[in-house]
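Enquirer: Any chance you can model this:
(one chain, ligands or ions: 3)
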Amino acid sequence: MADQAFVTLATNDSYAQGAMVLGKSLRNHNTSKKMVALIGPMVSEPCQSVLKRIFDEVKVVDVLDSGDTANLALMMRPELGVSLTKLHCWTLTHYSKCVFMDADTLVLSNIDELFDREELSAAPDPGWPDCFNSGVFVFRPSLETYGRLLQHCTEHGSFDGGDQGVLNGFFSDWATADISKHLPFIYNLSSIAIYTYLPAFKQYGGNAKVIHFLGSTKPWSCTFDPSTKQISGGGQEAAARPCFLVDWWTLYASAVEPMLQEQSEEQPLLSGCVESQQSDSVTTETVQEESSSSHAPLLPTMSSEERKEQWEQGQADYMGLDSFDNIKRKLDTFLK
Ligand code: UDP
Ligand code: GLC
Ligand code: MN
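Expert: Ligands and ions are numbered 1, 2, ... in the order given. Below is the predicted model of the structure:
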């Protein structure tokens, strides 16, 4: 039905790559629904072009940020203040019902049946199961609800500094009111759950329909060797879910990377995500990795000025170009 859509969000190029893989996975499993990507103004032109080829609609929205450093520090996720931008999904009123999916999710089979559910349906959060996880949820766009959500933010803030805190505060009877609004865990299988309850994963994991790479290590912050199918650079967290990471990377390498490459021929800005020796700013530059056959995600380069501006607006790409590892590498070159 044309008035139903899957919706995702990317405020920067790193998450945009996640959105591209998610979009491709939905298409590969023959969704009959529309697909919408909400993006922040900082997403580069080449990435926007690729998103437009995958999604039916790409909409630029203002980045909303909680700025709640104290609660975000408790979660050790300083970048998640901008996840409040997700609330814009309620403004998509040309659809009557939607399913929001984080850009770090991957669809493993057709999930159109989620549209049979009502607002607000979601799966339990693995960290606190009386809260729902806001990485996958069914909702009804409505300007009235959007206004009330913003008002709720202003009056009560977010207990975790991100959207999940606000949404659980707003839809506060989720845990108890209506069991049909509890999505089975297989629609939002957080990778964390794989190692916290391995026997359950062995028993039920084969039915997984959506995998959620929840946590600070994202697929695009790892590297992938297509010949050996080895993932590296993701630490312990990544080691616990190599099969799904390989699925993500296989789709990235086969369907997304070629599109980014094509786009780079038209808009010659794309390159691999490694730091430049010539860079004179603290933030790292991107240049093509020459020697290694393994893949790091392709990312559009940005001028130092643009990067600086982004930092000053609190929009550092903590998970990608501005990751701790990259900054450390940069500092090491100064020390040498
Ligand atoms: N997001 C984004 N830019 C950011 C951080 C988050 O666009 O800098 C969006 C993206 O859709 C992402 C979602 O907000 O999937 C929630 O963040 P994340 O998935 O990192 O949170 P987690 O699921 O790991 O708690
Ligand atoms: C969570 C959710 C994510 C949300 C974040 C911040 O862990 O997975 O979707 O953005 O919390 O509230
Ligand atoms: Mn997520």
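Enquirer: Contact partners for the closest residue to Gly40 other than its chain neighbours?
Expert: Nearest non-adjacent residue to Gly40, counting by Cβ to Cβ, 6 or more residues apart in numbering: Thr11, 3.5 Å away. The way it works is simple: take the backbone N, C-alpha and C, and place the C-beta from them, glycine included. Residues near Thr11 by Cβ atoms under 8 Å, 6 or more residues apart in numbering: 39-40, 42-43, 63, 82, 85, 315.
Enquirer: remind me, longest helix of the protein?
Expert: In the chain, with assignment by DSSP state H, the single longest helix is helix 13-28.
Enquirer: do that one and ligand 3 meet?
Expert: No - counting by Cβ under 5 Å from the ion, ligand 3 has no neighbours in helix 13-28; the shortest distance is 8.5 Å.
Enquirer: So for Asn30, what's the nearest residue that isn't a sequence neighbour?
Expert: For Asn30, the closest residue by Cβ to Cβ, 6+ apart turns out to be Asn110, at 6.0 Å.
Enquirer: Relative to Pro41, how far out is the residue nearest to Gly40?
Expert: Distance check for Thr11 against Pro41: by Cβ to Cβ, to the nearest Å, it reads 9 Å.
Enquirer: For burial, what's the neighbour tally of Gly169?
Expert: Number of residues near Gly169 (other Cβ atoms under 10 Å) recorded here: 18.
Enquirer: same question, Pro78
Expert: Burial of Pro78 is recorded as 14 neighbouring residues (other Cβ under 10 Å).
Enquirer: ditto for Ala10
Expert: Applying other Cβ under 10 Å, I find that Ala10 has 26 neighbouring residues.
Enquirer: Equivalent analysis for His182, please.
Expert: As a burial measure, His182 scores 16 neighbours (other Cβ under 10 Å).
Enquirer: same deal with Gly67?
Expert: By other Cβ under 10 Å, the residues close to Gly67 number 11.
Enquirer: how close does it sit to Thr154?
Expert: 13 Å.
Enquirer: Around ligand 2, which positions in the chain sit nearby?
Expert: Within the chain, the positions near ligand 2 by Cβ under 6 Å from any ligand atom are 80, 83, 102, 133-135, 160, 162-165, 214.
Enquirer: Same list, the residues you listed, but as TSV with distance to Arg117 please.
Expert: Putting the residues of the chain next to ligand 2 into TSV (distance: Cβ to Cβ, whole Å) gives the following:
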residue	distance to Arg117
Leu80	26
Ser83	22
Asp102	17
Asn133	15
Ser134	15
Gly135	15
Asp160	24
Gly162	23
Asp163	19
Gln164	18
Gly165	22
Leu214	21
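Enquirer: Next one: the longest helix of the chain, is it in contact with ligand 1?
Expert: Yes - for a cut-off given as Cβ under 6 Å from any ligand atom, helix 13-28 has contacts with ligand 1, namely Tyr15.
Enquirer: Counting by contacts, list what that helix packs against.
Expert: strand 4-10, strand 34-39, helix 45-54, strand 105-107, helix 242-251, strand 298-300 (3 or more Cβ pairs under 8 Å, 6 or more residues apart in numbering; DSSP states H and E).
Enquirer: how about a cut-off of 6 Å?
Expert: On a contact count with 3 or more Cβ pairs under 6 Å, 6 or more residues apart in numbering; DSSP states H and E, helix 13-28 meets strand 4-10, helix 45-54, strand 105-107, helix 242-251.
Enquirer: out of these, nearest to ligand 1?
Expert: For ligand 1, the closest of these is strand 4-10, at 3.9 Å, according to Cβ to the nearest ligand atom.
Enquirer: Perfect, I'm done here.
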